[in-house]
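In: show me the folded form of this:
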Amino acid sequence: MERLLLIETSTALCSTALAEDGVIVSRRESDVPRAHASMTAVFVQEMLQERGLRAQDCDAVCVGMGPGSYTGLRVGVSTAKGLCFGADLPLVAVGTLDTLVAQACDEGLVPEGCRRIVPLVDARRMEVYTAVFTPEGERLTEVEPLVIDAESFAAERAAGPVLFIGDGAEKCAEVLAGPQARFVQCCPKAAGMLRPARARFHEKRFEDIAYFEPFYLKQFLTTTPKKRLF
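Out: Numbering: from 1, shown residues only. Purely as a prediction, here's the structure:
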């Protein structure tokens, strides 16, 4: 039996799932703010105990690689690496945007006649991490950070129905609204990555556990406080 542990923590939703032979048999989700570090490993342990399993009984650990929240990605990837090292399992990584596209298809969110799916991962203010996909999940453009304005995705919106999906969809709706645009506000879920994760697993597209890093897309910046205590 093929068992995959799935971990998705790239946005505000902390999400894990366990799949057996392509079917989700257990899942955990929480949108409690800033709780990824305390919940992710606990969720994994709860799912395994629920099924009477150990990590060693799984065939791979699959993790959301980003882009997304710097802290969330660090937590998810660190947890996944720890499981892989401890149980001697391969690591599979799935892009956040790929998960959103697969999720849209699996949950029946794609409108009839849809020509393009555009995942939008919130990057604060009017910026998102995004790319353009076909409804079949083929990525047509490079993943990039983009500041959204009225001209964004003009060609896609003119060509036919477009689904905008992700935790950045709602804030972009007013700017991109039109008869051809549909918006679904949601976070990527661990269960949503199952299809692309299985494809990578069967193709043996495994990551180097020692050197794998999340796909941050933008450099993490720190600031120096203006007021010093000492």
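In: from the contact counts, what lies against the worst-scoring helix or strand of the chain on mean pLDDT?
Out: When the helices and strands of the chain are scored by mean pLDDT, DSSP states H and E, helix 154-159 comes last with a mean of 94. Applying 3 or more Cβ pairs under 8 Å, 6 or more residues apart in numbering; DSSP states H and E, one finds that helix 154-159 contacts strand 116-122. C-beta here means a position set from N, CA and C on the backbone, and glycine is covered the same way.
In: please identify the buried residues of the strand it packs on?
Out: 116-122 (16 or more other Cβ atoms under 10 Å).
In: let's see that strand as PDB, backbone CA atoms only.
Out: In PDB, the C-alpha atoms belonging to strand 116-122 read as follows (Å, rounded to 0.1, in the frame of the first residue of the first chain):
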ATOM      1  CA  ARG A 116      -6.800  29.800 -17.500                       C
ATOM      2  CA  ILE A 117      -6.300  29.300 -13.800                       C
ATOM      3  CA  VAL A 118      -4.300  32.000 -12.000                       C
ATOM      4  CA  PRO A 119      -3.300  31.200  -8.400                       C
ATOM      5  CA  LEU A 120      -2.600  34.300  -6.200                       C
ATOM      6  CA  VAL A 121      -0.600  33.800  -3.000                       C
ATOM      7  CA  ASP A 122      -0.800  36.900  -0.800                       C
END
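In: per-domain residue ranges of the protein.
Out: 3-95+189-202, 97-185 (automatic domain parsing).
In: want to throw the ones you listed into TSV with distance to Y211?
Out: Shown next, in TSV, are the domains of the chain (distance: least, Cβ to Cβ, whole Å):
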stretch	distance to Y211
domain 3-95+189-202	10
domain 97-185	20
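In: got the contact list for C187?
Out: 11-13, 15, 31, 166-167 (Cβ atoms under 8 Å, 6 or more residues apart in numbering).
In: three-state assignment of it?
Out: Of the three states, C187 takes coil under DSSP: H, G, I helix; E, B strand; the rest coil.
In: that one and A169, how far apart?
Out: 11 Å (Cβ to Cβ, to the nearest Å).
In: does the closest residue to V121 other than its chain neighbours sit in a helix, a strand or a coil?
Out: Nearest residue to V121 in three dimensions, chain neighbours excluded: Y129, at 4.2 Å (Cβ to Cβ, 6 or more residues apart in numbering). Look at Y129: counting by three-state DSSP, its state is strand.
In: just the closest of the contacts of C187 to P90, please.
Out: S15 (20.8 Å; Cβ to Cβ).
In: thought the closest one was touching I24?
Out: No. In terms of Cβ atoms under 8 Å, S15 does not count as a neighbour of I24; the distance is 11.2 Å.
In: of the two, who's got more company?
Out: Taking neighbours as other Cβ atoms under 10 Å, S15 and I24 compare with S15 leading, 29 against 17.
In: is the more buried one in a helix, a strand, or coil?
Out: strand.
In: relative to A177, how far out is the spatially most central residue of the chain?
Out: For the chain, the residue nearest the mean C-alpha position is T96 (3.0 Å; Cα atoms, centre = their mean). Computed as Cβ to Cβ, the T96 to A177 distance reads 24 Å.
In: how close does S10 get to V118?
Out: In terms of Cβ to Cβ, S10 sits 17 Å off from V118.
In: and what of E213?
Out: Relative to V118, E213 is positioned 26 Å away (Cβ to Cβ).
In: cool, thanks, signing off.
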